[in-house]
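Trainee: need a structure here:
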Amino acid sequence: MIAWRCARFDELSAREVYELMRLRSEVFVVEQRCVYLDADGADPGCWHLMGEDGDELQAYARLVPAGLKFAEASIGRVVCDPSTRGTGLGHALMREAVERVRALWGPGPIRIGAQAHLEGFYRQHGFLPDGAPYDEDGIPHIEMLRP
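Mentor: Have a look, this model is predicted:
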């Protein structure tokens, strides 16, 4: 059973920071073979949504206030533990992330910079392409907006 926790960066324990950075690195750097600086300076200004099963981090998303990455509030660093793929956890994570963004900052558009191959996944959560595809760290991306 996944328990959701959403906290500001300064409210996270050292263990939580370690676990979310480990999961992000495991998937975005190692699995996807993408050398980039994950610690981009934005984390201290964001909220961090974590889905845990017991003491194991299974899902994570970074909730970004308007003006920090995009003009709109955004959701980024969306990741699930590879062992959970195919279980629907990614969809649960996105539903929870959208709800938390609305609770934090009210109604309004939400923007994401999605890996292009996941466009269909994000469309299922109300996001529509907004702009031309672009390359980010060697991976095709597309901005998407949920009105």
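Trainee: from the contact counts, what lies against the top helix by length along the chain?
Mentor: Longest helix in the chain by number of residues, with DSSP state H as the criterion: helix 89-105. If you count contacts as 3 or more CB pairs under 8 Å, 6 or more residues apart in numbering; DSSP states H and E, helix 89-105 packs onto strand 47-53, strand 56-64, strand 73-80, helix 119-123. C-betas here are computed from N, CA, C, even on glycine.
Trainee: now it - C-alpha only, CSV.
Mentor: Below are the C-alpha coordinates for helix 89-105, written out as CSV (Å, rounded to 0.1, in the frame of the first residue of the first chain):
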residue,chain,number,x,y,z
LEU,A,89,1.8,3.3,-9.9
GLY,A,90,2.9,5.9,-12.5
HIS,A,91,-0.8,6.8,-13.1
ALA,A,92,-1.4,7.0,-9.4
LEU,A,93,1.6,9.3,-9.0
MET,A,94,0.4,11.6,-11.7
ARG,A,95,-3.1,11.8,-10.2
GLU,A,96,-1.6,12.6,-6.8
ALA,A,97,0.8,15.2,-8.2
VAL,A,98,-1.9,17.1,-10.1
GLU,A,99,-4.1,17.1,-6.9
ARG,A,100,-1.2,18.3,-4.8
VAL,A,101,-0.3,21.1,-7.3
ARG,A,102,-4.0,22.3,-7.2
ALA,A,103,-4.0,22.1,-3.4
LEU,A,104,-0.8,24.1,-3.1
TRP,A,105,-1.3,26.7,-5.8
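Trainee: what's that helix in contact with?
Mentor: The list of residues contacting helix 89-105 from outside it, by CB atoms under 8 Å, 6 or more residues apart in numbering, reads 2, 4, 6, 47, 49, 51, 58-61, 63, 65-66, 73, 75, 78, 80, 84, 110, 121-122, 124-126, 146.
Trainee: could you dump the helices and strands packed on helix 89-105 to TSV with mean neighbour count, mean pLDDT and distance to Ile142?
Mentor: Supplementary listing: the helices and strands packed on helix 89-105 in TSV, determined by neighbours: other CB atoms under 10 Å; pLDDT from 0 to 100; distance: least, CB to CB, whole Å:
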stretch	mean neighbour count	mean pLDDT	distance to Ile142
strand 47-53	20	98	22
strand 56-64	22	98	17
strand 73-80	23	98	14
helix 119-123	15	97	6
